[in-house]
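Visitor: show me how the following folds:
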Amino acid sequence: MAKKRYDICVGIKGKDDKTYWKNIGVILQTDKGFSLKIESVPVGWDGWASLFEPKAKEEQPAARPQQQADDSPPF
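Guide: I've put the predicted structure just below:
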């Protein structure tokens, strides 16, 4: 069973000159060693990335509740 060990993030400079972190993949630990999964590559990326331990479930923002389908007519 694979276990998520690290988030792969790249720093992106915003217009306010602040660094924002974009998650681009994960590092998984399996029975045979570590595996790298890149899910996206930012435009203009210089190739440098940082590894961060995944945040606990309670630290992550809550998912937005989905709206229920409304079968009533639109009028």
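
Visitor: center of this protein - which residue?
Guide: N23 (3.8 Å; CA atoms, centre = their mean).

Visitor: my guess is it contacts I8. True?
Guide: Yes: between N23 and I8 a contact is recorded at 7.0 Å, counting by CB atoms under 8 Å. C-beta here means a position set from N, CA and C on the backbone, and glycine is covered the same way.

Visitor: what about this protein, any weak spots by pLDDT?
Guide: 57-75 (pLDDT under 70).

Visitor: in it, which spans are strands?
Guide: Assigned by DSSP state E, the strands in the chain fall at 3-13, 19-30, 33-38, 50-52.

Visitor: would you turn these into JSON lines with distance to G44?
Guide: Formatted as JSON lines, the strands of the chain follow (distance: least, CB to CB, whole Å):
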{"stretch": "strand 3-13", "distance to G44": "9"}
{"stretch": "strand 19-30", "distance to G44": "12"}
{"stretch": "strand 33-38", "distance to G44": "16"}
{"stretch": "strand 50-52", "distance to G44": "17"}
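
Visitor: who touches stretch 9-28?
Guide: For stretch 9-28, contacts defined as CB atoms under 8 Å, 6 or more residues apart in numbering pick out 2-8, 34-42, 45, 48-52.

Visitor: just the endpoints, please. Distance across it?
Guide: Stretch 9-28 has an end-to-end distance of 14 Å (CA to CA, to the nearest Å).

Visitor: what residues sit buried inside it?
Guide: Using 16 or more other CB atoms under 10 Å as the test for burial, stretch 9-28 gives C9, V10, I24, G25, V26, I27, L28.
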